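A.B. asks: whatever this is, show me its structure:
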Amino acid sequence: MLDLLFRGGNMLAILGWLALAVAPLLPRHKARLRAAASLAVPLLFAAAYLGLVGISWGSTQGGYGSIAAVRALFDSPGMLVAGWLHYLAFDLFVGGWIAREGERAGLPHLLLIPCFALTFLFGPIGLLAFALLRAGFRRRAPSLTAEA
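C.D. replies: Down below sits the predicted model:
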């Protein structure tokens, strides 16, 4: 059961990231794709997380007070899958934020794709890449409009 939930979560996350990547290509469906990818899927992961923590919490000796306690917490297969779903949910939620903020800032969508990949694979590194991209784009934008 846990292996199925783990694999299913991975596939659903990949579909969510693909939806964020292609949403601008489907303008009539962009809002729905973004909402599904960055809100509905993370909420589904949150519900699964709640269930797994509820089932698994009492069977572990771990906690959050030290690295040894966190290691012990994730020795429980249920808590390990819950932790993985936690990462998938928050990274995808951040990906949706990157998509919305990138559009609001006028960034070309193709420049967001590497940020999506980095966020999916390395979480905070993708967020950092987006922040740097947006900051660099803001600095260049006034000079481009002044030359035009």
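
A.B. asks: hey, let's count contacts and neighbours off CA atoms from now on
C.D. replies: OK.

A.B. asks: buried set for stretch 118-127?
C.D. replies: Of the residues in stretch 118-127, 118, 119, 120, 123, 126, 127 count as buried by neighbour count, 16 or more other CA atoms under 10 Å.

A.B. asks: swap that for stretch 124-140, please
C.D. replies: Going by neighbour count (16+ other CA under 10 Å), the buried part of stretch 124-140 is 126, 127, 129, 130, 133, 134.

A.B. asks: now for those residues: which two are most distant?
C.D. replies: Using CA to CA, the pair of these lying farthest apart is 126 and 134, separated by 12.2 Å.

A.B. asks: tally of neighbours for the closest residue to residue 23 other than its chain neighbours?
C.D. replies: Spatial nearest neighbour of residue 23, excluding adjacent residues (CA to CA, 6 or more residues apart in numbering): residue 30 at 4.5 Å. Using other CA atoms under 10 Å, residue 30 has 16 other residues around it.

A.B. asks: surely residue 30 meets residue 24?
C.D. replies: Yes - taking CA atoms under 8 Å as the definition, residue 30 is a contact partner of residue 24 at 5.8 Å.

A.B. asks: hmm, back to that, for the buried residues of stretch 118-127, give me CSV that also has pLDDT and distance to residue 8.
C.D. replies: Shown next, in CSV, are the buried residues of stretch 118-127 (pLDDT from 0 to 100; distance: CA to CA, whole Å):
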residue, pLDDT, distance to residue 8
118, 98, 21
119, 98, 19
120, 96, 16
123, 95, 20
126, 98, 23
127, 98, 25
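
A.B. asks: quick one: which two of those residues are the most distant?
C.D. replies: The most widely separated members of the buried residues of stretch 118-127, counting by CA to CA, are 120 and 127 (10.0 Å).

A.B. asks: centre of the chain versus the host helix or strand of residue 11, how much separation?
C.D. replies: Taking DSSP states H and E as the definition, one finds residue 11 inside helix 2-22. Taking the mean of its C-alpha atoms, helix 2-22 sits 11 Å from the chain's own mean (CA atoms, centre = their mean, to the nearest Å).
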